[in-house]
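Student: Structure here, sequence nowhere to be found:
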């Protein structure tokens, strides 16, 4: 089964062709990073307009690159939540029109389920059940993937997402957008221990997380140094900040493995590209004898191939959409409207 998959939840317009949820035939992405960099972050109205300009040509490009025609498409999978509402609407409306014109099934896919499914593309042998640490700009959670479409949230951030904290601290340090990658590069040049930063305990659930205090502590440290005219060793601060985020994520992931009895841990989302987190996850998992699935860097960020992967399993489960499908800015990975 060949699905055309569409992703437009933020600032990447992407169209992919994916076969049977596991094989990428083509994955075309039109990035807006350079456009939004001058503003220090994504401008939603600009993102939506650029999606409209790019999406039709990108779909034709995907077919041409794969050497396929429209008649070869067996279904349309699309991100319908969560994301910037105007941006998501562009993808949803395109997908509805394409499904109607081609007379093929329309398959709505939750963006975070797509990130988890990126691991199916990288690791053909990976099958549920497994534990997944989801770390992105808008979400941070530990998910027990019991089946391809049946999931349980074991723990989540109670405030900011890990990726949002990386981006905000990077912006205060005048790093270019996207800030998380720039901060990671600086952290690799630094030495830990110069700047003590907090590791928060959040609520009654030991698997829940909190990052707002860490973000505030780092920003205050930067501002205080500037106000007092004190030198700031940026590389060391980035190293200490990255360590604090990793120290919040990795022990909870190991505890979730223990509680669920899972021997497999996948990581998903844009922050899965962070070198410190990848290193610590591998080291911790080795100690407990767990198998780790880290997606390649190309599949960590937003892409349409991951939507095609999850879309295949949503189709098999009978989770189809129709012409009343709407876009949502917020929606739980379990399908609940937030």
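Tutor: Happy to help now that I have it. From a predicted model like this one, the values you see are computed outputs, not experimental measurements. Residues are numbered from 1 along each chain as shown.
Student: Show me the helices in the chain, by range?
Tutor: Taking DSSP state H as the criterion, the chain carries its helices at 33-37, 44-66, 85-102, 111-122, 162-172, 179-187, 212-228, 234-260, 275-288, 305-316.
Student: For residue 17, find the nearest of those.
Tutor: Nearest to residue 17 among the helices of the chain is helix 44-66 (4.9 Å), distances taken as Cβ to Cβ. All C-beta spots, glycine's among them, are computed from the backbone N, C-alpha and C.
Student: residues of the least confident helix or strand in the chain by mean pLDDT that come out buried?
Tutor: In the chain, the helix or strand scored least confidently by mean pLDDT, DSSP states H and E is helix 33-37, which has a mean of 89. Residues of helix 33-37 classed as buried: residue 36 (neighbour count, 16 or more other Cβ atoms under 10 Å).
Student: Does anything pack onto it? Which helices or strands?
Tutor: helix 44-66 (3 or more Cβ pairs under 8 Å, 6 or more residues apart in numbering; DSSP states H and E).
Student: Break the protein down into its domains, please.
Tutor: 2-116+302-316, 128-299 (automatic domain parsing).
Student: right, so those: which one is the most enclosed?
Tutor: domain 2-116+302-316 (a mean of 22; mean count of other Cβ atoms under 10 Å).
Student: got the end-to-end distance for that one?
Tutor: Start and end residues of domain 2-116+302-316 are separated by 13 Å (Cα to Cα, to the nearest Å).
Student: what's the answer for stretch 98-111, then?
Tutor: 20 Å.
Student: doesn't residue 41 make contact with residue 171?
Tutor: Yes: the pair residue 171 and residue 41 passes the contact test of Cβ atoms under 8 Å, sitting 7.2 Å apart.
Student: Give me the common contacts of those two.
Tutor: Listed as contacting both residue 171 and residue 41 by Cβ atoms under 8 Å, 6 or more residues apart in numbering are residue 177.
Student: Backbone dihedrals for the spatially most central residue of the chain, both of them.
Tutor: When Cα atoms, centre = their mean is applied to the chain, the residue found nearest the centroid is residue 269 (2.8 Å). Torsion angles at residue 269 (phi, psi; degrees, to the nearest 10) stand at phi 100, psi 170.
Student: separation between the nearest residue to it once chain neighbours are set aside and residue 107?
Tutor: Computed as Cβ to Cβ, 6 or more residues apart in numbering, the closest residue to residue 269 that is not its neighbour in sequence is residue 136, at 3.3 Å. Residue 136 is 22 Å from residue 107, where distance means Cβ to Cβ, to the nearest Å.
Student: Find me the pLDDT at residue 336, would you?
Tutor: What the model reports for residue 336 is a pLDDT of 65.
Student: Same list (the domains of the chain) but as CSV, adding distance to residue 328.
Tutor: Converted to CSV, the domains of the chain look like this (distance: least, Cβ to Cβ, whole Å):
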stretch, distance to residue 328
domain 2-116+302-316, 4
domain 128-299, 13
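Student: Correct me if wrong: the residue nearest to residue 269 contacts residue 274.
Tutor: No: assessed by Cβ under 8 Å, residue 136 is found out of contact with residue 274, at 11.1 Å.
Student: ok, residue 95 - contacts?
Tutor: 6, 76, 77, 78, 106.
Student: let's see 7 Å
Tutor: Residues near residue 95 by Cβ atoms under 7 Å, 6 or more residues apart in numbering: 6, 76, 78, 106.
Student: Nearest spatial neighbour of the third one, chain-adjacent residues omitted?
Tutor: This means residue 78. For residue 78, the spatially nearest residue (Cβ to Cβ, 6+ apart) is residue 95, at 3.6 Å.
Student: got it, and the last one?
Tutor: Spatial nearest neighbour of residue 106, chain neighbours left out: residue 99 (3.9 Å); criterion: Cβ to Cβ, 6+ apart.
Student: mind listing what that neighbour touches?
Tutor: 76, 105, 106.
Student: closest to residue 114 among these?
Tutor: Among these, and counting by Cβ to Cβ, the member closest to residue 114 is residue 76, at 14.2 Å.
Student: Surely the closest one touches residue 104?
Tutor: Yes: assessed by Cβ atoms under 7 Å, residue 76 is found in contact with residue 104 at 6.2 Å.
Student: contacting residues around the residue nearest to residue 175 when sequence neighbours are not counted?
Tutor: Distance criterion Cβ to Cβ, 6+ apart; nearest residue to residue 175, sequence neighbours excluded, is residue 182 at 3.9 Å. By Cβ under 7 Å, 6+ apart, residue 182 lies in contact with 170, 175, 176.
Student: And residue 15, how far from residue 245?
Tutor: 32 Å.
Student: nope, residue 296 is what I was after
Tutor: Noted for residue 296: a distance of 21 Å to residue 245, by Cβ to Cβ.
Student: What of residue 111?
Tutor: 21 Å.
Student: And for residue 201?
Tutor: From residue 201 to residue 245 the distance is 15 Å (Cβ to Cβ).
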